[in-house]
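A.B. asks: I need the structure of the sequence given here:
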Amino acid sequence: MATPIIAPFPATRLRRLRRTENLRALTAEVHLTAADLIWPIFVTEVDGAEGEIPSMPGVQRLTLDGARRAAQQAAELGIPAVCIFPHTAAELRTEGCERAWDENNIANRAIRAVKETVPDLAVMTDIALDPYNANGHDGFVVNGEILNDETVEALVRMALVQAECGADILGPSDMMDGRIGALRSAMETAGHKDVAILSYAAKFASSFYGPFRDAVGAAGRLVGDKKTYQINPANREEAIRCVARDLAEGADMVMVKPGMPYLDICRAVRDQFGAPTFAYQVSGEYAMIEGAIRAGWLKRDVVVESLLSFRRAGCDGVLTYFAPQVAEWLHRAGRGGA
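C.D. replies: Numbering: from 1, shown residues only. Next up is the predicted model:
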């Protein structure tokens, strides 16, 4: 960073460039546009499970028709991508996780539905076994141990089906060792060389994920915790090593998750690697902000402020449940961005 040269007061009055809205816009260092957003959506195959998620007010579980409408809305608002998360029926969750690579599971049906409705909209998927696992873990569990290599083989099977269904971006969120290299090799071999990988490269063992587990029906199912495969929240350097590994194995983009509590990681990743860097403003972050807004403790413009923090920290884009709200606000304001 260049050393600033500042003349003494009154030659320098920093408030000059804050005086009007247009001057502030002209000198803004980062901007937020709808093109910076990925919208995570939940799709359900459970009768009667659609509708608002209590711990995420304003966020809905969608039917396939709802996913099609969301795709149309995203396209109209200029949101370039949606990320699909499945809410799977309890009776289809097994220790063998066979539903994960079934071409007719709800996630794969949603991929096809979205691509049929808005072919140009980018579709990102989630690659982890937890939506299909009877014990709520991202990998196979044997005698209390989460198996790494066997899980990676299953993730590859899952990813190949998603690619066949039309996924544009694979989002491995499992944090197993070696999965990026295995996925990249499988995509090349199967002729899916253009399918991108946005790796959850620095995913922390966070307590901010609670509402998400409600959304996908995993709350109360998790046996133990995920600390043996997700990163210790105290560890910055380990997170950087994980990002380096995933890029070396063939990740096209990398993600830090959660978002706002880990902005220092976002900045470090962007500065050190220069690769496309994303963050996930996770369910707990959404619930805190939206809950405070609805209680009257914060004004709604705090949402844009929170998203600008990601851009300022070096992120190229953000996965956020606020995506349609923010894109609609930018559209109504008649601005390309904030």
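A.B. asks: and the helices in the stretch 101-250 of the chain?
C.D. replies: Counting by DSSP state H, counting those that start in this stretch, the stretch 101-250 of the chain has helices at residues 106-117, 149-165, 179-189, 210-215, 236-249.
A.B. asks: contacts for the first one, please.
C.D. replies: This points to helix 106-117. 43-45, 64, 67-68, 70-72, 82, 84-88, 102, 121, 123, 125-126, 131, 161-162, 165-167 (Cβ atoms under 8 Å, 6 or more residues apart in numbering). (Glycine included, C-beta is placed from N, CA and C.)
A.B. asks: now that we have these, which of them are buried?
C.D. replies: 43-45, 64, 67-68, 70-71, 82, 84-88, 121, 123, 125-126, 131, 161-162, 165-167 (16 or more other Cβ atoms under 10 Å).
A.B. asks: mind checking the helices of the stretch 101-250 of the chain for the one nearest to Thr320?
C.D. replies: Taking Cβ to Cβ, helix 210-215 is the member of the helices of the stretch 101-250 of the chain nearest to Thr320, at 12.8 Å.
A.B. asks: elements contacting the closest one?
C.D. replies: Helices and strands touching helix 210-215, by 3 or more Cβ pairs under 8 Å, 6 or more residues apart in numbering; DSSP states H and E, are strand 51-53, strand 56-62, strand 81-87, helix 283-294.
A.B. asks: which stretch in those has the least confidence?
C.D. replies: Ranked by mean pLDDT, the helices and strands packed on helix 210-215 bottom out at strand 51-53, which scores a mean of 89.
A.B. asks: what strands line up against that strand, and which way round?
C.D. replies: strand 56-62 (antiparallel) (DSSP bridges).
A.B. asks: the partner strand: how far from the chain's middle?
C.D. replies: In this view, strand 56-62 has its centroid 16 Å away from the chain centroid, taken as Cα atoms, centre = their mean, to the nearest Å.
A.B. asks: please point out which parts of that strand sit buried.
C.D. replies: Buried, per 16+ other Cβ under 10 Å, within strand 56-62: Met56, Val59, Gln60, Arg61, Leu62.
A.B. asks: also stretch 304-311?
C.D. replies: Val304, Ser306, Leu307, Leu308, Ser309, Phe310, Arg311.
A.B. asks: picking up where we left off before, now distance to Asp264 too, for the helices and strands packed on helix 210-215, in JSON lines please.
C.D. replies: Formatted as JSON lines, the helices and strands packed on helix 210-215 follow (distance: least, Cβ to Cβ, whole Å):
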{"stretch": "strand 51-53", "distance to Asp264": "30"}
{"stretch": "strand 56-62", "distance to Asp264": "26"}
{"stretch": "strand 81-87", "distance to Asp264": "24"}
{"stretch": "helix 283-294", "distance to Asp264": "16"}
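A.B. asks: of the ones you listed, which approaches Thr3 most closely?
C.D. replies: Nearest of the helices and strands packed on helix 210-215 (Cβ to Cβ): helix 283-294, 34.7 Å.
A.B. asks: how far is that closest one from where the chain is centred?
C.D. replies: Worked out by Cα atoms, centre = their mean, helix 283-294 lies 17 Å from the chain centre.
A.B. asks: start the count at 43, not 1, going forward
C.D. replies: Right, with 43 as the first residue, what we last looked at is helix 325-336.
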